[in-house]
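Peer 1: Starting from these lines, generate the structure:
(one chain, ligands or ions: 1)
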Amino acid sequence: MNHSCPQCRKELDPQKLLRVVPSGQRTFLPLYTLPACPHCSAELRVNTHPVENQALAVQVVLGVLVLLFEVHLLAITLALVGIIGVQFSLAQFIRSNAPDWPRYLPSRIGA
Ligand SMILES: [Zn+2]
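Peer 2: From the prediction side, this is the model:
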């Protein structure tokens, strides 16, 4: 996955992104903030891969099934193993099949 800024092309550390209030939003207790590049201050949005959304859906279904049908230690353990397996498979899939997928795109809200 490509973690570079779409504006300045510098590599971004997800832990060091800025959080900015979009223009037109109130600055006191804003409804939401946007990630921004610490190098050029470009407002960004996270570009999730479609497989990430599908993996999240699988994890939510696993969690709901455990809560609905069996709150048993074995069922919870199997669900946790399944969730970890989905996360591991997702990381492997993206690493091998989408190494150039852009993690960040320019924000449509702030533009
Ligand atoms: Zn930048």
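
Peer 1: alpha carbons only for contacts and neighbour counts from here, please
Peer 2: Will do.

Peer 1: what residues does this protein put near the ion?
Peer 2: 5, 8, 37, 39-40 (C-alpha under 5 Å from the ion).

Peer 1: Is residue 30 in a helix, a strand, or coil?
Peer 2: Of the three states, residue 30 takes coil according to DSSP: H, G, I helix; E, B strand; the rest coil.

Peer 1: just checking, it touches residue 19?
Peer 2: No. The pair residue 30 and residue 19 fails to qualify as a contact (C-alpha atoms under 8 Å) at a distance of 11.3 Å.

Peer 1: Show me which of those two is the more surrounded one.
Peer 2: Neighbour totals were compared for residue 30 and residue 19, and residue 19 leads with 16 against 11 (other C-alpha atoms under 10 Å).

Peer 1: Kindly confirm my reading that that one is in a strand.
Peer 2: Yes. With three-state DSSP as the criterion, residue 19 is part of a strand.

Peer 1: hey, what's it bridged with?
Peer 2: On DSSP bridges, the residues paired with residue 19 through beta bridges are residue 35.

Peer 1: which residues touch it?
Peer 2: Shown in contact with residue 19 (C-alpha atoms under 8 Å, 6 or more residues apart in numbering): 33-36.

Peer 1: Take those residues and, keeping just the buried ones, write it as a ChimeraX select command.
Peer 2: A single ChimeraX command is used to select the members of the contacts of residue 19 judged buried by 16 or more other C-alpha atoms under 10 Å:
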select :34,35,36
